[in-house]
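Participant: Here's a sequence, model it:
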Amino acid sequence: MLGDHTTAMTLSSRFLTAALLTQVAWVWACSIHSTQSSEPAPVPTGIPSLSGLDDATRQSIELACVTQNTQGPVAYGSCLNKQINALRSSPGIPSLSGLDDATRQSIELACVTQNTQGPVAYGSCLNKQINALRSSPGIPSLSGLDDATRQSIELACVTQNTQGPVAYGSCLNKQINALRSSPGIPSLSGLDDATRQSIELACVTQNTQGPVAYGKCLNKQINALRSSPGIPSLSGLDDATRQSIELACVTQNTQGPVAYGKCLRAQLRSIGIQPR
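Facilitator: Residues are numbered from 1 along each chain as shown. A predicted model of the protein is given here:
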C-alpha cells in the first residue's frame, strides 16, 4: 500500500513539473510575441516630410526638386533628402521680416534664380544682399512724388530692381538728383482724352527713361500742339466709319496729336467732310 502511495506521488510530481514547464514556455512565447509587436514597423523609403521646416525653406526645397517631382516618388524623395542633408551644414534662409517692403522685394527679385536651387543657395544669395546693404544708403522713399513722376522713376530703374536694393537705390537716387534741375513732368489734365492719350503714346519710350526724359518729351509735344489745330472730333460719324478712320491713323496716333490730327483731317476730307 505504501508502494502505491509512493507511485502516485511520483506521478503527481511529474505532472506538476510538466505543467510548470508548459506555463513557463507559454509565458516565454508571449514575451517574445509582445517584444516583437512593440517594435516599430520599418518605415518605407520614399518622400520625406518637410512639415518641420519654415515656409520659405520648404518652398525653396520644393522648387529645387520640381523636375524630380515629375519623375516619381523615388527621384523626388532622393532630391528632397539631398536638399535636407545639405541644409544641415548651412545657416539656411535668413529672415527678411525687419526690412521694408521695397527692400525685401528687391532682395527677393535679385535671388529669384537661387530660390529655385534650394535653401542653401537661396540663403547664401540673401545674406550677400543683406551684407551689401549695410554699406549702402538703401532705397530712398518716393512717397513725396506725384504718381506720374514716381511711376516714371520706377520704370527707369526696373532692371536695377532685379539686381537688389543697392543697385535699385543707386538708380532711384540718380533719377531723383537729375529731377532737381529739371522742370519735371507737366500736367496733361487740361487736355481732352484723345489728345492726352496721343501725347502719352508718343512719349512711352521716354517714360521708361525717367521723369526728366519723359517731361522733356511731353513738353515738346505740348509746344508743337500750340501751332496746330489739334485732333478733330469724330463724334458726328457712325461707329464703322469712325473706327475705320482711327485704324487708318493708328501709327500717327503714336507720334503725337499733331501727326494724328493731320491724318484724321486727311481721312475726313477723303469722304467729303471738311474738318473744323
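Participant: and the residue nearest to T254 when sequence neighbours are not counted, helix, strand or coil?
Facilitator: Of all residues not flanking T254 in the chain, L201 sits nearest, at 4.6 Å (CB to CB, 6 or more residues apart in numbering). In this view, the C-beta of every residue, glycine as well, is placed from N, C-alpha and C. Applying DSSP: H, G, I helix; E, B strand; the rest coil to L201 yields a three-state assignment of helix.
Participant: Ok, Q117 next?
Facilitator: coil.
Participant: 415 is where my numbering starts, stick with that
Facilitator: Sure thing, new numbering starts at 415, so read that last one as Q531.
Participant: can you give me phi and psi for it?
Facilitator: Phi and psi for Q531, reported as degrees, to the nearest 10, are phi -100, psi 0.
Participant: who's in contact with the nearest residue to it once chain neighbours are set aside?
Facilitator: Spatial nearest neighbour of Q531, chain neighbours left out: A478 (5.7 Å); criterion: CB to CB, 6+ apart. The contact partners of A478, taken as CB atoms under 8 Å, 6 or more residues apart in numbering, are 493, 497, 530-532.
Participant: closest to Y628 among those?
Facilitator: Of all those, Y628 sits closest to T530, with 35.2 Å by CB to CB.
Participant: so the closest one sits right up against L477, yeah?
Facilitator: Yes. At 4.6 Å, T530 and L477 qualify as touching, with contact defined as CB atoms under 8 Å.
Participant: picking up where we left off before, which one of the contacts of A478 has the most neighbours?
Facilitator: The most crowded member of the contacts of A478, judged by other CB atoms under 10 Å, is G532 (25 neighbours).
Participant: Would you confirm that that residue contacts A500?
Facilitator: Yes. Judged on CB under 8 Å, G532 makes contact with A500 at a distance of 6.9 Å.
Participant: Can you give me the neighbour number for K676?
Facilitator: Neighbours around K676, by other CB under 10 Å: 18.
Participant: Chain neighbours aside, what residue packs nearest to it?
Facilitator: Nearest to K676 is Q666, by CB to CB, 6+ apart, at 7.1 Å.
Participant: Could you check which helix or strand contains that neighbour?
Facilitator: Element membership of Q666 [criterion: DSSP states H and E] is helix 664-667.
Participant: Report the distance from the helix or strand encompassing K542 to the chain centre.
Facilitator: For K542, the host element (DSSP H and E) is helix 533-547. Computed by CA atoms, centre = their mean, to the nearest Å, the chain-centroid distance of helix 533-547 equals 17 Å.
Participant: So which elements touch it?
Facilitator: Helices and strands touching helix 533-547, by 3 or more CB pairs under 8 Å, 6 or more residues apart in numbering; DSSP states H and E, are helix 469-478, helix 487-501, helix 515-524, helix 526-529, helix 579-593.
Participant: ok, and for that helix, which residues are buried?
Facilitator: 533-540, 543-544, 547 (16 or more other CB atoms under 10 Å).
Participant: The closest residue to P646 other than its chain neighbours: neighbouring residues, count only.
Facilitator: Beyond its immediate neighbours in the sequence, the residue positioned closest to P646 (CB to CB, 6+ apart) is P689, lying 4.0 Å away. P689: 15 surrounding residues under other CB under 10 Å.
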